[in-house]
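Enquirer: Sequence and predicted model, in that order:
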Amino acid sequence: MTNLPSDGVTPGKMLVVAGPTAVGKSSFGLEVARRFGGEIVSADSRQVFTGLDIGTAKASIAEQRAIPHHLVDIIEPDEDFGLAPFLDLVGDVVAGIQSRNKLPVVVGGSSQYVFALIEGWSPPRVPPNAELRAALELRVQADGPDALHAELAAADPEAAAKIDPRNVRRVIRALEVRQSEVSQSEKRQAATTEREATVAPRYTGALNKDTLAIGLTLPRKLLYERIDQRVDQMIEAGWLNEVEGLSQRGYGPELTAMSSIGYQELTEHLSGNLDLADAVQRIKNRTHKFARGQYVWLRRAKWLEWFEADEPGLASAIDRVGEWVAIP
RNA sequence: GGAGGGAUGGGAGAGUGGUUAAAUCCACCAGACUGUAAAUCUGGCGCCCGGAAGGGCUACGUAGGUUCGAAUCCUACUCCCUCCA
């Protein structure tokens, strides 16, 4: 705690806060940012969309005014986003914060993004090809998923071996990547260069002093209770109006943004096909499922330091961060 | 009071003599994942032994009965629903 730089943070550090939805990542992140001079970097595949505020549990205007937030509200609901675009952006954002001598506090709801950031993934830079996807989708309807998987096995045996034939979505993506590689093989050099432009790994077997990853957790039952409460609060806060507004602006359920938890169910309710009570229950259940999925990722993250998200747990997590921040 | 209909696993809901520990969906538990990831996909899910294969036990409102064999047929009882009075 002694000899802190004037701004409190040693340059080059990055803090990551992970954990299931509704565990309290955001408020912990804000608290840490407040105490140690940080800025929030959202690693969340849904908070990137403008207009999806209540249901994505975005930080309030006041909170965003008090502490800068990055990678929030960066695209319209009908735009594409994904892992690679995220990686393209975080690198600069994190570097920018560090260059201002502040602590980047990455708050991650999308575990895949957090993994990619920390482990330095280099996903194939092949953008989605809607036409190809639609065509392959038709193939599946006609010939069945196994036929498509067989096709992948012929084109890219390695990828095929890793993907369940029934997982049509991933089979299609693999074919998409394959096809792009083939058709642009002359450009491979350029692609390789581009790949190297993604973020450097933060984790290469052991975490270094520059990166700390805090995992927040709660007993399952308690977490579900918090999720349920939060969903009710979101409804009370006018979530339905928000969804109605989005629908009126023409954003339909076929968009990734509008297929997010809650947005889909409330859209269905607004179209008159679903009772509000049923919609709310579905939202709660789906959020439970989401949280479970987050745990599947997080449990295998060797680089996470876990803390209970209760009073004493959060206090010791703060202490831990303080300790780490002070390391020169 | 009379006439019908129904009671199935945590929930919804199939099944109408054996191949049924009982379809399917949900919930729940576990897992995969490198440009949709809040997505997509997989496995498990009565109890006991087993890594599994498999074995044992208990189950379809309650109590009896018919049968080699019943969630499925019969009888009585309990509860629920609809219609008539």
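Expert: Structure received.

Enquirer: Quick one: the helices in the stretch 51-200 of chain A, in order.
Expert: All helices of the stretch 51-200 of chain A, identified by DSSP state H, counting those that start in this stretch, fall at A:61-66, A:83-99, A:111-119, A:130-143, A:145-155, A:157-162, A:168-183, A:188-196.

Enquirer: Nearest to residue A:257, out of those helices?
Expert: Smallest distance to residue A:257 across the helices of the stretch 51-200 of chain A (Cβ to Cβ): 14.0 Å, for helix A:83-99. For the C-beta atoms, the positions are set from N, CA and C on the backbone; glycine is no exception.

Enquirer: Average pLDDT for that closest one, rounded please.
Expert: On average, the pLDDT along helix A:83-99 is 95.

Enquirer: Report all helices and strands that that helix contacts.
Expert: Where contact means 3 or more Cβ pairs under 8 Å, 6 or more residues apart in numbering; DSSP states H and E, helix A:83-99 is packed against strand A:38-43, strand A:103-108, helix A:111-119.

Enquirer: Output the ones you listed in CSV; the columns should cover mean pLDDT.
Expert: As requested, the helices and strands packed on helix A:83-99 are exported to CSV (pLDDT from 0 to 100):
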stretch, mean pLDDT
strand A:38-43, 98
strand A:103-108, 96
helix A:111-119, 96
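
Enquirer: and of those, who's closest to RNA strand B?
Expert: Closest approach to RNA strand B among these is made by helix A:111-119 (3.3 Å; Cβ to the nearest atom of the strand).

Enquirer: about what we covered before: go through the helices of the stretch 51-200 of chain A and pick out the most buried.
Expert: Most buried of the helices of the stretch 51-200 of chain A, by mean neighbour count (mean count of other Cβ atoms under 10 Å): helix A:111-119, with a mean of 22.

Enquirer: Show me what it packs onto, helices and strands only.
Expert: Partner elements for helix A:111-119 (3+ Cβ pairs under 8 Å, 6+ apart): strand A:14-18, strand A:38-43, helix A:83-99, strand A:103-108, strand A:211-217, helix A:276-298.

Enquirer: right, so of those, which gets closest to residue A:233?
Expert: When these are compared by Cβ to Cβ, helix A:276-298 sits nearest residue A:233, at 11.5 Å.

Enquirer: could you say what helices and strands the helix or strand that comes right after the closest one packs with?
Expert: Remark: after helix A:276-298, the chain's next helix or strand is strand A:304-308, criterion DSSP states H and E. The contact analysis (3+ Cβ pairs under 8 Å, 6+ apart) places strand A:304-308 against strand A:211-217, helix A:311-326.

Enquirer: Please save the CA atoms from the shortest one in PDB.
Expert: So that's strand A:211-217. What follows is strand A:211-217 as a C-alpha-only set of coordinates in PDB (Å, rounded to 0.1, in the frame of the first residue of the first chain):
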ATOM      1  CA  THR A 211      -3.200  -9.300 -15.000                       C
ATOM      2  CA  LEU A 212      -5.500 -10.300 -12.200                       C
ATOM      3  CA  ALA A 213      -8.800 -12.100 -12.800                       C
ATOM      4  CA  ILE A 214     -11.400 -12.100 -10.100                       C
ATOM      5  CA  GLY A 215     -14.200 -14.600 -10.200                       C
ATOM      6  CA  LEU A 216     -17.300 -13.900  -8.200                       C
ATOM      7  CA  THR A 217     -19.700 -16.600  -7.200                       C
END
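
Enquirer: check whether that strand contacts RNA strand B.
Expert: No - applying Cβ under 7 Å from any atom of the strand, one finds strand A:211-217 separated from RNA strand B by no less than 11.5 Å.

Enquirer: strand partners of that strand, parallel vs antiparallel please.
Expert: Sheet pairing for strand A:211-217, assigned by DSSP bridges, gives strand A:14-18 (parallel), strand A:304-308 (parallel).

Enquirer: ok, back up a step: a markdown table for the helices and strands packed on strand A:304-308, including mean pLDDT and mean neighbour count?
Expert: A markdown table is the format used below for those (pLDDT from 0 to 100; neighbours: other Cβ atoms under 10 Å):
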| stretch | mean pLDDT | mean neighbour count |
| --- | --- | --- |
| strand A:211-217 | 96 | 22 |
| helix A:311-326 | 96 | 15 |
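
Enquirer: what residues are up against the closest residue to residue A:133 other than its chain neighbours?
Expert: Leaving aside its chain neighbours, residue A:133 sits nearest to residue A:172 (5.7 Å; criterion: Cβ to Cβ, 6 or more residues apart in numbering). Residue A:172 sits next to A:132, A:133, A:136, A:137, A:148 when contact means Cβ atoms under 8 Å, 6 or more residues apart in numbering.

Enquirer: so which of these also contact RNA strand B?
Expert: Answer for the contacts of residue A:172 near RNA strand B (Cβ under 7 Å from any atom of the strand): residue A:133.

Enquirer: Go through the contacts of residue A:172 and say which is closest to residue A:80.
Expert: Distances from residue A:80 to the contacts of residue A:172, taken by Cβ to Cβ, are shortest for residue A:133, at 11.9 Å.
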